[in-house]
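I'll drop the sequence and a predicted model, then ask my questions.
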Amino acid sequence: MRTSAPGIAIKSKNTRMGLSKSTQNKLFTTGYIAKGVVYSLIGIFALIGVIGSAGSGGSWGPKTVIDWIGSNPFGNILLFLIGLGLLAYCSWRWYTAVKDKENEGSDKEGVAKRIGYAVSGTAYGVLSVYAFKLALGSGGGGGEQSKQDIIAQILAKSWGPYVVGLIALIMAGVAIFQLYRALKDKHMEGIKGLQLSEEQRETFEKTGEVGLTARFVVYGIISYFLFRAALMDDPSQFKGIGESLAYIGDQAYGQVLLAIVGLGLLAYGLFMFIRAKYERV
């Protein structure tokens, strides 16, 4: 009894100091819906590229998807909604990192994972700012080219290639982690205790596995070209998500491979919707 009581007290204190459960769940649900929209559209446009209707054969990255959302009727409203959703996801990932919601701990491995959550949140925060800027009519900037500019600025320093190489290593780690989650069913942990039918559970499991494997492929390609940029001291070697999809489409049997990866990214988007609907934090 003496060992459990302090733990309960600490937990209660942490709850008071942090966000309420209701607010946490709102951030989680809203954020994962927005992420699901982005990845579903990336997957859909990759598939459209396969049948020759997208024009550029799969060069659809997150920012290009945001551009497309803004080009539709009521585009500004849609941009604000997706911007708010992505900002919610950014906030949730940062909250997860700071409050250690995943119980990663404070050792080296735990700190690395928590930094990863914060970096992921920041990336989606930047995307939310891009959506807000488009909605306000100020323009978003150069899409994937802006990332190349950042890489170029880093490579201009004497220590630049080492930093870009480190980023490439981190991206490779992210890619491997996606595959690890798929193979070990780690993506199902958040919905393990829910009352789901066997058919639902199997569908959710396979959807997540396919989606995470597709992310492994895309992030693997991104890390490969980051390594090339570092080794060759050439920022033009960098490829984002959209350019990585285009690269897949340019290979032998590329259209088949692009269709498979596109379906995988669509599956990942659908799994984000599943998490938003069923998972609670």
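Received, thanks. What you are looking at is a predicted structure, and each value in this text was computed from that prediction instead of being measured.

remind me which residues of the chain are low pLDDT?
Residue ranges of the chain with pLDDT under 70: 1-17, 52-59, 138-146.

quick check: longest helix of it.
helix 198-232 (DSSP state H).

chain neighbours aside, what residue packs nearest to residue 276?
The shortest distance from residue 276 to any non-neighbouring residue, by Cβ to Cβ, 6 or more residues apart in numbering, is to residue 32 (3.9 Å). C-beta: built from backbone N, CA, C; applies to glycine.

which residues touch that neighbour?
Residues near residue 32 by Cβ atoms under 8 Å, 6 or more residues apart in numbering: 89, 272-273, 275-276, 279.

what's the separation between it and residue 153?
33 Å (Cβ to Cβ, to the nearest Å).

what of residue 122?
Residue 122 sits 17 Å away from residue 153, going by Cβ to Cβ.

again with residue 90
23 Å.

which one of the two has more residues nearby?
Taking neighbours as other Cβ atoms under 10 Å, residue 90 and residue 153 compare with residue 90 leading, 24 against 11.

helix, strand, or coil at the more buried one?
helix (DSSP: H, G, I helix; E, B strand; the rest coil).

could you find the closest non-adjacent residue to it?
residue 125 (3.5 Å).

all helices for the stretch 101-250 of the chain, in order.
108-135, 144-155, 160-183, 198-232, 241-249 (DSSP state H, counting those that start in this stretch).

could you export stretch 120-134 as CSV, CA atoms only?
Extracted in CSV, the C-alpha atoms of stretch 120-134 (Å, rounded to 0.1, in the frame of the first residue of the first chain):
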residue,chain,number,x,y,z
SER,A,120,7.1,15.0,-36.2
GLY,A,121,4.8,17.6,-34.6
THR,A,122,6.9,20.5,-35.8
ALA,A,123,6.7,19.2,-39.4
TYR,A,124,2.9,19.1,-39.3
GLY,A,125,2.9,22.5,-37.6
VAL,A,126,4.9,23.9,-40.5
LEU,A,127,2.3,22.3,-42.9
SER,A,128,-0.5,23.9,-40.9
VAL,A,129,1.1,27.4,-41.2
TYR,A,130,1.4,26.7,-45.0
ALA,A,131,-2.4,26.0,-45.1
PHE,A,132,-3.2,29.1,-43.1
LYS,A,133,-1.0,31.3,-45.3
LEU,A,134,-2.7,30.0,-48.4
